[in-house]
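S.K.: dropping a prediction and its sequence here:
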Amino acid sequence: MTPADHAPDRPLLDEIERYYDAAPRSAARAEDFGPLTLFVREGESGWHYYARPTPGHAGPAATADDVRRVLDRQRELGAPEAFEWVAEQNPELRAAVEAAGLTVHEHPLLVLGPQDEPAPAPELPERVEVRVLGADASELAAAAAVPHVAFGAPGTAVGPAGATELAASAATLTADGGVARIAQRITDGTTVLAAALDGGDALCAGQYNPVGPVGEVVGVGTLPSARRRGLGLAVTAALVAHARAGGVRTVFLSAADEDVARIYRRAGFRPFATALIAEPAAPEA
């Protein structure tokens, strides 16, 4: 059953919309393009952001020309040409984005609301523990790098990438300041990172970013060589437990596809909407 089979949960959609507008502002500035807002990272390093609908915009809906103005600005900044929004909240934007030449990808949005009960944490393999890491944890660099390696081999199948690839990715993240940025966000309370560890070896990691009573789980990834052991589910459960203990009442996430969404359903999440991501079409091989 899909979100389209139900009437939209308008209060929940509004709450998520406020979150999406607020979350980037801790590390980015907002540029006003009328019906659209472009988030631009501060400084020369860090995460690139995206454009999205302006909450509460009272004027006409965004047109293809509005989208092109934002695209021009993104190219000027050297930022990715990317738009993100919730289909059920701004259904009209898709036509404008596609008319401007971008390709739209759909991703399931799932939620654990205040009345939803998370599933019990799964049993872990022998020697593996899941911990929330502090900013000074010795495992932080490896944990931060795990999703980069994981997303380089999409899907849920076991693969060859493991410790060698992880060490290279961790070294790159350390050198370019990525690990320091995550450490600072942990210190500031804008990011919480949990990892599945076998001794000092990070096998799976993920984060959630709280803004008031709402938190988004992001970047949960397992080393391809360590997949099919329930680690992504265990890390997600730890993030949800930490969020709930800290007063976050609504935890949500987007899944890459339905196969990944099924894993999150096992953690107690339920589908409620569809996240749309627009970007230039991939060049033909």
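M.R.: Great, that's in hand.
S.K.: so what's residue 196 up against?
M.R.: By Cβ atoms under 8 Å, 6 or more residues apart in numbering, the contact set of residue 196 is 124, 128-130, 202-205, 222, 231, 234-235. In this view, the C-beta of every residue, glycine as well, is placed from N, C-alpha and C.
S.K.: now do residue 232
M.R.: Counting by Cβ under 8 Å, 6+ apart, residue 232 touches 204, 206, 220-222, 263.
S.K.: what about those, which are in helices?
M.R.: residue 263 (DSSP state H).
S.K.: would you reformat the contacts of residue 232 as TSV and include distance to residue 141?
M.R.: Output for the contacts of residue 232, formatted as TSV (distance: Cβ to Cβ, whole Å):
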residue	distance to residue 141
204	15
206	16
220	18
221	15
222	17
263	26
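S.K.: can you give me the strands for this protein?
M.R.: With DSSP state E as the criterion, the chain has strands at 28-33, 36-41, 51-53, 83-86, 102-112, 128-133, 192-198, 201-211, 214-222, 250-254, 270-280.
S.K.: dump these to TSV, plus distance to residue 154 and mean pLDDT.
M.R.: What follows is the strands of the chain, written out as TSV (distance: least, Cβ to Cβ, whole Å; pLDDT from 0 to 100):
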stretch	distance to residue 154	mean pLDDT
strand 28-33	26	96
strand 36-41	25	96
strand 51-53	24	97
strand 83-86	18	97
strand 102-112	12	97
strand 128-133	23	97
strand 192-198	19	98
strand 201-211	15	97
strand 214-222	10	96
strand 250-254	14	97
strand 270-280	14	97
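S.K.: can I get the ones you listed in CSV including distance to residue 61?
M.R.: What follows is those, written out as CSV (distance: least, Cβ to Cβ, whole Å):
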stretch, distance to residue 61
strand 28-33, 13
strand 36-41, 10
strand 51-53, 9
strand 83-86, 12
strand 102-112, 16
strand 128-133, 42
strand 192-198, 36
strand 201-211, 26
strand 214-222, 26
strand 250-254, 23
strand 270-280, 15
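S.K.: mind checking how far the most centrally placed residue in the chain is from residue 65?
M.R.: Note on the chain: the residue nearest the mean C-alpha position is residue 218, at 3.4 Å, using Cα atoms, centre = their mean. Distance of residue 218 to residue 65, given as Cβ to Cβ, to the nearest Å: 32 Å.
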